[in-house]
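K.L.:
A structural model of the following input is requested.
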Amino acid sequence: MDSPGPISDLGVVTYRIPAARIVLPDLVQFFAELDSRDLVWVLTTLYAVTSPGKPIQALPLERRVDAAADPGLILSHAEAMDIADSMRQLTDGEFLGYLPGVDLTDETNLVVRIDAFDSGEWTVTVRPPLTTMSDAFDRTHGPAQPGRPATRLEAFGPRQQTTA
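P.N.:
Okay, the predicted model is just below:
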């Protein structure tokens, strides 16, 4: 696999969460377990199923993500939580978290990254002490490993939307 990029040299730790081993967290749970609440999120890839009756529906959101200019669809923490609350299943997704006020195109500013691939594996990378996961998350999904390996989403690429 290719090198994942410069963030691997910045003291990050990664949780690799395979579906075969444990129950995958949902996004609401993930955001609740993240020990940093004031991040700016960039959504670069999304293929999901949303719950009926929720304010955000998958197809319009997927189209917004696909149409977004670099670095991706920029969201406040509250907007990311609204998306998380609307999700029933995250098939593929890449959520990049940054501290407010930094250059969102510079990966060295990245403090948290969530990669979900094929409804089966999540890779969660955080950058202590700027961002960490709760002790409960660490007990359930840890231990975190140093560095950031290439994720399956990076290796295989995002799913291409086929609906009109």
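K.L.:
so what pLDDT did P149 get?
P.N.:
Reported pLDDT at P149 in the predicted model: 60.
K.L.:
got a list of what the closest residue to R37 other than its chain neighbours touches?
P.N.:
Of all residues beyond its chain neighbours, the one nearest R37 is H77 (6.1 Å), with distances taken as C-beta to C-beta, 6 or more residues apart in numbering. For every residue, glycine as well, the C-beta is placed using N, CA and C. Neighbouring residues of H77 by C-beta atoms under 8 Å, 6 or more residues apart in numbering: 31, 37-41.
K.L.:
if you set the cut-off to 7 Å instead, what comes out?
P.N.:
37-39, 41 (C-beta atoms under 7 Å, 6 or more residues apart in numbering).
K.L.:
and the residue minimising distance to the centre of the chain, bridged to which residues?
P.N.:
By C-alpha atoms, centre = their mean, the chain has its centre lying nearest to I114, at 2.4 Å. Beta bridges link I114 to F95, V124, judged by DSSP bridges.
K.L.:
can you pull the contacts of it?
P.N.:
Here I114 is in contact with 30, 93, 95, 122, 124 (criterion: C-beta under 7 Å, 6+ apart).
K.L.:
tell me how many other residues surround the nearest residue to L73 once chain neighbours are set aside.
P.N.:
Closest residue to L73 apart from its sequence neighbours, by C-beta to C-beta, 6+ apart: L43 at 4.4 Å. L43 has 23 neighbouring residues, counting by other C-beta atoms under 10 Å.
K.L.:
what pairs with the host helix or strand of L43, parallel or antiparallel?
P.N.:
L43 is part of strand 40-50, with elements assigned from DSSP states H and E. Sheet pairing for strand 40-50, assigned by DSSP bridges, gives strand 73-75 (antiparallel), strand 87-98 (antiparallel).
K.L.:
got the angle between the helix or strand just after that strand and strand 87-98?
P.N.:
Per DSSP H and E, the first helix or strand lying C-terminal to strand 40-50 is helix 58-67. Here helix 58-67 runs at an angle of 30 degrees relative to strand 87-98 (axes from the mean of the first three to the mean of the last three C-alpha atoms, to 10 degrees).
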